[in-house]
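**Q** Structure of the sequence below:
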Amino acid sequence: MEDFTTDSDDRVSTIDTATGSAAPPELSTSRVRSIFSSISKKYERFNAISSFGAYRLWLNSLCDLADIECDDDVLDIAGGTGDVSFSVARSCRPRHIQCTDLVPEMLDVAKEHYKDGRGNGVDIDFDVVDAQDIQYESERFDAITMAYGIRNMPNRSRALSEMYRVLKPGGSITCLDFSTPKNPIWRTLYNFYLKHMIPFWGRLITGDASGFIYLAKSIKAFPDQEGVAKLFEQAGFTDVSYKNLTGGIAAIHTARKPHEQKDE
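**A** So this is what the prediction gives:
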């Protein structure tokens, strides 16, 4: 069997994001492109219905926790159809937002929203970017935001190292994703919802459940709150903390690139 672990230690560097098992990166990357390109026009409707509107409250919490000021240049990773970028524009009013995503079709929807005025007067640019190989220069951005992104990346350590690289010293990162409820009863109910209702909503809204079966599997395979915090710490971030949302169904992790940088 081919080895997909790092040379420096035994941590798996590339995985199948649906299972967490070692796998070549192309498996997950091609699957993510296929799924999200096909549902791009219905993605927002799915989020609203499947979360019973909670995802809007989660976006508000992300903006509340993000350390973003009016002169900042913000990089939005896995920006999708623009929900995070537009929420940050409305709440934080930064100088500029670079909204990026792996899937061009998702960004096409975001661009249409921007034309309709959802940028609230903030300068927003759009770019197709694989967060595991960010094309921007080092120390460019004051802050990074990301929602539902790192879970879909087969090489999470590389992606976080890339985000660390493009952040200015002292810059912040704010990451929203699904997580693990601590209460066992709530966790059992949530797992039932993931297995049965997420594919149901996906089939009802888009006509195809397969992508949403993957979504449910990727959430279950994703590290819990402490596990994600450890990924940030291993990438060199400091001041790592998280806030649970809706009983731990989702969590927002915040961290900072230290002013005194780690040795390379």
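**Q** which one's the longest strand in the protein?
**A** strand 167-178 (DSSP state E).
**Q** That strand: what's the following helix or strand?
**A** As assigned by DSSP states H and E, the chain's next helix or strand after strand 167-178 is helix 184-192.
**Q** May I have that following helix exported as PDB, CA atoms only?
**A** Extracted in PDB, the C-alpha atoms of helix 184-192 (Å, rounded to 0.1, in the frame of the first residue of the first chain):
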ATOM      1  CA  PRO A 184     -24.400  12.100  24.300                       C
ATOM      2  CA  ILE A 185     -28.200  12.400  23.800                       C
ATOM      3  CA  TRP A 186     -27.800  15.400  21.600                       C
ATOM      4  CA  ARG A 187     -24.900  13.700  19.700                       C
ATOM      5  CA  THR A 188     -27.100  10.600  19.000                       C
ATOM      6  CA  LEU A 189     -29.900  12.800  17.700                       C
ATOM      7  CA  TYR A 190     -27.500  14.700  15.600                       C
ATOM      8  CA  ASN A 191     -25.900  11.600  14.100                       C
ATOM      9  CA  PHE A 192     -29.300  10.300  13.200                       C
END
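**Q** Which helix or strand lies directly C-terminal to that helix?
**A** Helix 184-192 is succeeded, C-terminally, by helix 198-206 (DSSP H and E).
**Q** For that next one, what is the distance to the chain centroid?
**A** Its chain's C-alpha centre and that of helix 198-206 lie 21 Å apart, by C-alpha atoms, centre = their mean, to the nearest Å.
**Q** Show me the residue at the heart of this structure, geometrically.
**A** With distances taken as C-alpha atoms, centre = their mean, Gly149 lies nearest the centre of the chain, 2.4 Å away.
**Q** now the angle from the longest strand of the chain to helix 184-192?
**A** 90 degrees (axes from the mean of the first three to the mean of the last three C-alpha atoms, to 10 degrees).
**Q** So for strand 167-178, what gets flagged as buried?
**A** Leu167, Lys168, Gly171, Ser172, Ile173, Thr174, Cys175, Leu176, Asp177, Phe178 (16 or more other C-beta atoms under 10 Å). C-beta coordinates here come from the backbone N, C-alpha and C atoms, glycine included.
**Q** Quickly note the distance from the fourth one to Phe52.
**A** According to C-beta to C-beta, to the nearest Å, Ser172 stands 30 Å off from Phe52.
**Q** quick one on the thing from earlier: just the C-alphas of the longest strand of the chain, formatted as PDB.
**A** Presented in PDB, the C-alpha positions along strand 167-178 are these (Å, rounded to 0.1, in the frame of the first residue of the first chain):
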ATOM      1  CA  LEU A 167      -1.100  35.900   7.000                       C
ATOM      2  CA  LYS A 168       0.700  38.900   8.300                       C
ATOM      3  CA  PRO A 169       2.400  38.500  11.700                       C
ATOM      4  CA  GLY A 170      -0.300  39.100  14.300                       C
ATOM      5  CA  GLY A 171      -3.000  38.300  11.800                       C
ATOM      6  CA  SER A 172      -6.100  36.300  12.800                       C
ATOM      7  CA  ILE A 173      -7.900  33.300  11.400                       C
ATOM      8  CA  THR A 174     -11.600  32.500  12.100                       C
ATOM      9  CA  CYS A 175     -12.900  29.100  11.000                       C
ATOM     10  CA  LEU A 176     -16.500  27.800  11.200                       C
ATOM     11  CA  ASP A 177     -17.300  24.200  10.600                       C
ATOM     12  CA  PHE A 178     -19.500  21.300  11.800                       C
END
